[in-house]
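A.B. asks: Show me the folded form of this:
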Amino acid sequence: MTLVSLFFAPALACGGFAPQEGALAASDAQQALFDLGAESISVTYRAHYSGNAADFAWVLAVPGRIDAVAEGDAERLDAIALASAPQVEIDPAVDSGGGCGCADTSTGGLKNDRAFGGDTGVEVTGSGLAGDYAYTTLAASDADGLVQWLTDHGYDVSLLEDAIAAYVADPLDYEFVAVQLVPDAPEVGDYGADLVPLQITYGPASDGALHAVFPAMLGVTSSVDVVRTEIFVLGEGTAALSGWEGVANPDEEDGHTWDAVGADYYDPSGVYYQHLLAYGGAQRRMWLAFADTYDDDGTSRWLTRYDAAVFPATNTIDPVFTDSDVRTPASTVIYLMEESAYEDAYPGDTAALVVFGLVGLLGWRRKARA
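C.D. replies: Residues are numbered from 1 along each chain as shown. Just a heads-up that it's a prediction; the model follows:
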């Protein structure tokens, strides 16, 4: 992601981030883990942060009654991302030693030094501390009132106004979580930092049903070039996707056992990123990256993973995930070929592939091709 000079510039919001005026708080990558229960849903969010904002708010829309807000379990999220990560198959002519060459990322610690407060006509349904976060849960029947509430607390949400209005008008009666984040340092470097996860537990919406909705519309005005998303769903069966198109993992349908291919001099994370961008980009598509049983701290669950890389303007509709009783396994394989074999098979394809540093892509499972 390219950072731009922001001297005397307006605030730039991204992915639900709302910085103070004149600052940048952007997110080019986000993860969400939906744990589907019988009476409630627990969703854990983690975002990759880049920018120069000394402090900023993180606004999340929730399709139901908010029951609890807490710090998320980073180790659990890491374990799930690792278990569902794409596998890397190595051509016999390629040296399989020396690791996968995936980019590393730093984990940014956060601190809190003041909480939201005040009353501008919006119903404050709760507030408190969740680990390193200060949060306020809000209900609003008027979008202008919610925007005014956030504005009065020093945050420029002008780029989020349309999305906020859409959620307030939605018949599901969305509630909102406004989280104050204060990074340890205003500058986090060119590669940014992964924020500590935030977990929200919520009940049924106004229609009496539970809804697993990722609030993608909050990122439609993002200042980044591409938004990378990883969605994990724990349920009874392979989670179905609506709102967006779910691209089924073809595996052997195309006559091979791999899903994306690159030369041995390509980083597998870059190969996968370009693969997702080819299916996504300006199209609302998510790749079904994984589906199988998962041992969740001694409990057998069914884990589904969807990945996407799209342009911010694509996020005009939220993806919705629903449980099913169908258990169809799926996995994703990245195949690295010996350089000359790759160039013979794919002549002219010499574009450099970028390395994408998100924590969920660090756990590549490498196996030698028989």
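A.B. asks: Listing request: residues of this structure with sub-threshold pLDDT.
C.D. replies: Applying pLDDT under 70 to the chain flags the ranges 1-27, 49-56, 92-121, 132, 154, 181-194, 249-255, 348-370.
A.B. asks: Val247 contacts Leu276, doesn't it?
C.D. replies: No - using Cβ atoms under 8 Å, Val247 is not in contact with Leu276; the gap is 9.4 Å. (Glycine included, C-beta is placed from N, CA and C.)
A.B. asks: any residues in contact with both of the two?
C.D. replies: Counting by Cβ atoms under 8 Å, 6 or more residues apart in numbering, the residues touching both Val247 and Leu276 are Trp287.
A.B. asks: Of these two, which one has the most company?
C.D. replies: Set Val247 next to Leu276 and count neighbours by other Cβ atoms under 10 Å: Leu276 wins out with 23 against 19.
A.B. asks: and Tyr294, that's in a strand?
C.D. replies: Yes - under DSSP: H, G, I helix; E, B strand; the rest coil, Tyr294 sits within a strand.
A.B. asks: Who are the contact partners of it?
C.D. replies: Ile80, Ala83, Ser84, Leu234, Ser300, Arg301, Trp302, Leu303.
A.B. asks: How many residues are close by Thr299?
C.D. replies: Neighbour tally, Thr299, other Cβ under 10 Å: 8.
A.B. asks: partner residues bridging it?
C.D. replies: On the basis of DSSP bridges, Thr299 is bridged to Asp296.
A.B. asks: Likewise for Ala178?
C.D. replies: Per DSSP bridges, the residues bridged to Ala178 are Val59, Thr136.
A.B. asks: pretty sure it contacts Tyr135?
C.D. replies: Yes - at 6.8 Å, Ala178 and Tyr135 qualify as touching, with contact defined as Cβ under 8 Å.
A.B. asks: how about the strands in the stretch 101-250 of the chain?
C.D. replies: Applying DSSP state E, counting those that start in this stretch to the stretch 101-250 of the chain gives strands spanning 110-111, 123-130, 133-139, 175-183, 193-194, 198-202, 212-213, 227-235, 240-242, 245-247.
A.B. asks: between the ones you listed, which gets nearest to Val271?
C.D. replies: Val271 lies closest, by Cβ to Cβ, to one member of those: strand 227-235, at 14.1 Å.
A.B. asks: helices or strands next to the closest one in the packing?
C.D. replies: Here strand 227-235 touches strand 25-36, helix 74-83, strand 285-296, strand 299-310, going by 3 or more Cβ pairs under 8 Å, 6 or more residues apart in numbering; DSSP states H and E.
A.B. asks: buried ones in the shortest one?
C.D. replies: Applying a neighbour-count criterion of 16 or more other Cβ atoms under 10 Å, the buried positions in helix 74-83 are Ala74, Arg76, Leu77, Asp78, Ala79, Ile80, Ala81, Ala83.
A.B. asks: So what are the sheet partners of the helix or strand following it and their directions?
C.D. replies: Going down the chain from helix 74-83, the next helix or strand is strand 87-90, by DSSP states H and E. Using DSSP bridges, the strands paired with strand 87-90 are strand 333-337 (parallel), strand 365-368 (parallel).
A.B. asks: if we can go back for a sec, now, the most widely separated pair of the contacts of Tyr294?
C.D. replies: Ser84 and Ser300 (15.2 Å).
A.B. asks: Pick out whichever of those two has more residues nearby.
C.D. replies: Ser84 (25 against 8).
A.B. asks: helix or strand for Val69, which one?
C.D. replies: strand 66-71.
A.B. asks: partners of that strand, with directions?
C.D. replies: Strand 66-71 pairs in its sheet with strand 198-202 (antiparallel), by DSSP bridges.
A.B. asks: one step back: would you mind saying which of the strands of the stretch 101-250 of the chain lies nearest Val310?
C.D. replies: strand 227-235 (5.9 Å).
A.B. asks: Mind listing what's buried along the longest helix anywhere in the chain?
C.D. replies: Secondary structure of the chain per DSSP state H: the longest helix is helix 268-279. Of the residues in helix 268-279, Pro268, Ser269, Gly270, Val271, Tyr272, Tyr273, Gln274, His275, Leu276, Leu277, Tyr279 count as buried by neighbour count, 16+ other Cβ under 10 Å.
A.B. asks: hang on, the fifth one packs against Pro86?
C.D. replies: Read that as Tyr272. Yes - if you go by Cβ under 8 Å, Tyr272 and Pro86 touch, sitting 5.6 Å apart.
A.B. asks: Identify the contacts common to the two.
C.D. replies: Ala260, Thr332, Ile334.
A.B. asks: which one among these gets closest to Val157?
C.D. replies: Of all the shared contacts of Tyr272 and Pro86, Val157 sits closest to Thr332, with 36.5 Å by Cβ to Cβ.
A.B. asks: Report how many residues lie close to the closest residue in space to the closest one that isn't next to it in sequence.
C.D. replies: Among residues not flanking Thr332 along the chain, Pro86 sits closest, at 4.1 Å (Cβ to Cβ, 6 or more residues apart in numbering). By other Cβ under 10 Å, the residues close to Pro86 number 26.
A.B. asks: Could you tell me which residues make contact with Pro86?
C.D. replies: Pro86 neighbours (Cβ under 8 Å, 6+ apart): Asp259, Ala260, Pro268, Tyr272, Ala289, Ser331, Thr332, Val333, Ile334, Trp364, Arg365.
A.B. asks: who touches the second one in this structure?
C.D. replies: Read that as Ala260. Shown in contact with Ala260 (Cβ under 8 Å, 6+ apart): Pro86, Val271, Tyr272, Gln274, His275, Thr332, Val333, Ile334, Tyr335.
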